[in-house]
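Sequence first, then the predicted structure:
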Amino acid sequence: MQAAPHPRQDERLASLRSYGILDTDREADFDDIVDLASQICGTPISVVNLIDQDRQWFKAEVGLGVRETPIESSICAHAILETDFVEIPDTLVDARMAGNPLVSGDPGLRFYAGVLLVGEAGLPLGTLCVLDYLPRKLTDLQRTALRVLARQVMVQIELRRALRTAELLRKEVDHRAKNSLQLLASLTSLQARAAPDPQTRAALELVRNRIASLGELHDLLHKTDAGGAIGLGHYLSQVLDTLRTTVPDHVTLTADIAPVEVVSGVATSLALLVNELVTNSVKHAFPDPAHPGQISLTLISEADGSLVMSYRDTGVGIAPDAPMTGLGTKVMASLAAQLAGKLTVTNGQPGHAVRLELTPAPL
């Protein structure tokens, strides 16, 4: 006989579908669990079985060779109406199995034991079950092992939903941050155009450019999709590729960056610092197209785990006694402070050099 729907069927189905696990590919974590359950219980069949509306779908199985069967033939559909553990020593003497083609067929399933997979609000999603073609009973140790393995199935299911939720949240935050930066850049540009004073307009336009650069760097960081650790070699290379589009033809931009990994916040701060340095060099250091110039960046990882970033251009430089009070200088000092690093700026004619030491490296 076919099992009746669960008393809270609509809620149960909503809970099941919220996990996003139905119709996903096979995964080793689940395959290992059913393989172990089959071996411990000494049964030819073991299944991670999720009970959908019109079918039972198998996330993992041993001994069946199919991924789903109709709900009409589901033994687990009966099990989710019972207590947390259901054992049927002989299906032929269980009234619930009357007319079930998996039981009455040849060879028929004669033994069943299943532990509920319980989701949110205590609602059953399905079972971890073992089956045999012969009547039998499990030992107390086998029952305990099956319960433990069922809990591990739910740990894996919950973990995958948490990771998916975190990824969706990250994408939403990234999207909103990008939109906010674009809006702020647009508003600053409007203020710049409306400002009557030329110096005010220039300052606001400089701020707008900084905000636009931050938006581009944020977008690059998002596209790396590297989670908590960011490879500086790859990330800063992308940043420099973007900056090369702003470098005049008579200036060469080279880089040698160690393949070290840092947290995303450190990667962003370093990228902003590099952006600030290159932007200033392009704007001020090479006014004469007739004189070739060079910008070079190196980042090395010392034996003690510290990082040293060296930047230099061969431009006109700044007089050694010139005051370092511009917005660019303040931005660089702020970024260095965020990284708890030591920033050294060397001005001369020609050339401009900056050295940043991070000890120990903020990995």
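That came in fine, so what should we check first?

Quick check: mean pLDDT of the helix or strand containing Gly126?
Of the helices and strands defined by DSSP states H and E, Gly126 is found in strand 124-132. Per-residue pLDDT values across strand 124-132 average out to 96.

Alpha carbons of that strand, as PDB, please.
Output for strand 124-132, consisting of C-alpha atoms alone and laid out as PDB, is shown next (Å, rounded to 0.1, in the frame of the first residue of the first chain):
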ATOM      1  CA  PRO A 124      11.800  14.600   8.000                       C
ATOM      2  CA  LEU A 125      13.600  14.900   4.600                       C
ATOM      3  CA  GLY A 126      14.100  11.200   4.000                       C
ATOM      4  CA  THR A 127      16.200   8.500   5.400                       C
ATOM      5  CA  LEU A 128      19.500   6.800   5.500                       C
ATOM      6  CA  CYS A 129      18.400   3.200   5.000                       C
ATOM      7  CA  VAL A 130      19.800  -0.300   4.400                       C
ATOM      8  CA  LEU A 131      17.900  -3.100   2.700                       C
ATOM      9  CA  ASP A 132      18.300  -6.900   2.100                       C
END
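
Direction included, what does it pair up with?
Strand 124-132 has the following sheet partners, assigned by DSSP bridges: strand 45-51 (antiparallel), strand 111-118 (antiparallel).

where does the last one sit relative to the chain's centre, distance-wise?
Going back to what we said before, that points to strand 111-118. 33 Å (C-alpha atoms, centre = their mean, to the nearest Å).

repeat for stretch 351-362
Going by C-alpha atoms, centre = their mean, the spacing between the C-alpha centre of stretch 351-362 and its chain's C-alpha centre is 30 Å.

The closest residue to Leu236 other than its chain neighbours: neighbour count?
In this structure, Leu236 finds its nearest non-sequential neighbour in Ile257, 5.2 Å apart by C-beta to C-beta, 6 or more residues apart in numbering. Backbone N, C-alpha and C define where each C-beta goes, glycine included. Neighbourhood size, Ile257 [other C-beta atoms under 10 Å]: 21.

show me the contacts for Ile257.
With contacts taken as C-beta atoms under 8 Å, 6 or more residues apart in numbering, Ile257 has the following neighbours: Leu232, Gly233, Leu236, Ser237, Leu297, Thr298, Leu299.

Just list whatever residues bridge to it.
Leu299.

Start the count at 262 instead of 1 going forward.
All set: I'll call the first residue 262, so the last point we hit is now Ile518.

So for it, what pLDDT did the model give?
The model's pLDDT for Ile518 equals 92.

distance of it from Ala546?
Relative to Ala546, Ile518 is positioned 21 Å away (C-beta to C-beta, to the nearest Å).

and the longest helix for this structure?
Longest helix in the chain by number of residues (criterion: DSSP state H): helix 401-455.

what helices or strands is that helix leaning on?
helix 289-302, strand 346-349, strand 372-379, strand 385-393, helix 459-485 (3 or more C-beta pairs under 8 Å, 6 or more residues apart in numbering; DSSP states H and E).

Same list (the contacts of Ile518) but as CSV, adding neighbour count.
Putting those into CSV (neighbours: other C-beta atoms under 10 Å) gives the following:
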residue, neighbour count
Leu493, 23
Gly494, 15
Leu497, 22
Ser498, 12
Leu558, 21
Thr559, 15
Leu560, 22
